[in-house]
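S.K.: next input, structure requested:
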Amino acid sequence: FEQFFRGEHPQYQPDEELDLVWSVLDVWGGPWELDHCSVKSIEAVCVGCAMDSNVTLRHCEVGGLGMGERAACGVDVGQNAHCVLQDCVVGNGSCGAAAIQVTHEGRVSVAGCHVETVDWGVTVDDE
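M.R.: Numbers count the residues shown, from 1 in each chain. Below you'll find the predicted structure:
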């Protein structure tokens, strides 16, 4: 995977635009439900919601492994995706950016969650 994301994959053409964010779990379409799950990462997005996805996370832990092993972001929601977080711990173990990042017409609903050990709880950028 590392070669692909650096653009060294044999199928990657140098003139193609490579617009990827590496995620442990990419969610497209749906509806999808995750219940009592733990999604951890080092230097990557834990849960990436995109492509009109509809996902609900209940009682989940999302984030890095610890202060020295941070996730890039806990939950990244964009491209018309909708993510519902219920009773989750987000950022546990810290995240380098935000616990929850919303971009490109993404939508997030948060209820009963605990956001901890992060630089920013939620960031919104709808460019």
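S.K.: and Cys49, how far is that from Cys73?
M.R.: Look at Cys49 and Cys73: by C-beta to C-beta, to the nearest Å, they are 11 Å apart. (C-beta placed from N, C-alpha, C; glycine too.)
S.K.: doesn't Gln101 belong to a strand?
M.R.: Yes - assessed by DSSP: H, G, I helix; E, B strand; the rest coil, Gln101 belongs to a strand.
S.K.: doesn't Ala81 make contact with it?
M.R.: No - counting by C-beta atoms under 8 Å, Gln101 stays clear of Ala81, with 11.6 Å between them.
S.K.: shouldn't Lys40 be in contact with Gly66?
M.R.: No - between Lys40 and Gly66 there is no contact under C-beta under 8 Å: 9.7 Å.
S.K.: give me the more crowded residue out of those two.
M.R.: Between Lys40 and Gly66, counting by other C-beta atoms under 10 Å, Lys40 is the more crowded of the two (18 against 13).
S.K.: ok, and the closest non-adjacent residue to that one?
M.R.: Closest residue in space to Lys40, ignoring its immediate chain neighbours: Leu65 at 5.5 Å, by C-beta to C-beta, 6 or more residues apart in numbering.
S.K.: also Ala81?
M.R.: Nearest residue to Ala81, sequence neighbours excluded (C-beta to C-beta, 6+ apart): Cys49, at 3.9 Å.
S.K.: tell me how far that neighbour lies from Glu69.
M.R.: Relative to Glu69, and taking C-beta to C-beta, Cys49 is found at 23 Å.
S.K.: Val102 too?
M.R.: Applying C-beta to C-beta, the value for Val102 to Glu69 is 24 Å.
S.K.: of those two, which one has the most company?
M.R.: Comparing Val102 with Glu69 by other C-beta under 10 Å, the one with more neighbours is Val102, at 21 against 13.
S.K.: check contacts around the more buried one.
M.R.: Contact partners of Val102, counting by C-beta atoms under 8 Å, 6 or more residues apart in numbering, are 77-78, 108, 122-126.
S.K.: cool, Cys83 as well?
M.R.: Cys83 makes contacts with 27, 47, 49, 53, 55-57, 75, 77, 106-109, as judged by C-beta under 8 Å, 6+ apart.
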